[in-house]
Structure formats: structure tokens, C-alpha cells
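S.K.: Here is the input, now give the coordinates:
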Amino acid sequence: MYICVCRAVTDRKLQQAIDQGTNSIHGLRDELGIIQDCGKCGCYVRDMLQKIQNGSNPTTEIEKVAF
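M.R.: This next block holds a predicted model:
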């Protein structure tokens, strides 16, 4: 599913970046370019990072992002 339509970033690409050690909003923004244009993906990205830090698997709990 697309998380950032502006930059064509999918949940899988976001998960890959996090799995490879990018664990902050700023790092993900620098690496993937997310949250730079319209910013609507920011809430989902923050939620996904929080779930990972709490030990859950966010890819099994994907919520639809309203654009």
C-alpha cells in the first residue's frame, strides 16, 4: 500500500528502511523523501515507528490513510 503518494513510498519500502536501521522521522525523511510535500503520511509514519518501538509488527496492522 502507498504510504506517501507524493514520493511513491509503499509500506514495504518504509518497513525496509526501518529494518535497515533508519529509526527516526528525520532519518526516514532524508532517506525516502517522505513528509516533505503534503505531509499527510506523517501520522502513519509516526504510528508505524511507535509500533515498532513497542515491539509489534505494524505491517500486519496497516490502516488506510485518507488522501
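
S.K.: Okay, now the unreliable bits of the protein?
M.R.: Across the chain, the ranges flagged by pLDDT under 70 are 57-67.

S.K.: can you map out the helices along it?
M.R.: Using DSSP state H, the helices of the chain run over 11-19, 25-32, 42-53.

S.K.: Kindly reformat those helices as JSON lines containing distance to residue 2.
M.R.: Bear in mind the C-beta positions are built from the backbone N, C-alpha and C, glycine included. JSON lines is the format used below for the helices of the chain (distance: least, CB to CB, whole Å):
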{"stretch": "helix 11-19", "distance to residue 2": "8"}
{"stretch": "helix 25-32", "distance to residue 2": "12"}
{"stretch": "helix 42-53", "distance to residue 2": "10"}
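
S.K.: Of all these, which one is nearest residue 5?
M.R.: helix 42-53 (11.5 Å; CB to CB).

S.K.: Next, the angle from that closest one to helix 25-32.
M.R.: Direction vectors for helix 42-53 and helix 25-32, defined by axes from the mean of the first three to the mean of the last three CA atoms, to 10 degrees, enclose an angle of 110 degrees.

S.K.: who are the neighbours of helix 42-53, in terms of helices and strands?
M.R.: With contacts defined as 3 or more CB pairs under 8 Å, 6 or more residues apart in numbering; DSSP states H and E, helix 42-53 has these neighbours: helix 11-19, helix 25-32.

S.K.: Show me the residue at the heart of the protein, geometrically.
M.R.: Among the residues of the chain, the smallest C-alpha distance to the mean C-alpha position (CA atoms, centre = their mean) belongs to residue 45, namely 3.5 Å.

S.K.: Now do that one against residue 52, distance only.
M.R.: 11 Å (CB to CB, to the nearest Å).

S.K.: Repeat that for residue 46.
M.R.: For residue 46, the distance to residue 52 equals 11 Å [CB to CB].

S.K.: And these two? Which one has more around it.
M.R.: Using other CB atoms under 10 Å as the criterion, residue 46 and residue 52 rank with residue 52 on top: 16 against 13.

S.K.: wait, isn't the more buried one in contact with residue 19?
M.R.: No: with contact defined as CB atoms under 8 Å, residue 52 and residue 19 do not form a contacting pair (9.1 Å).
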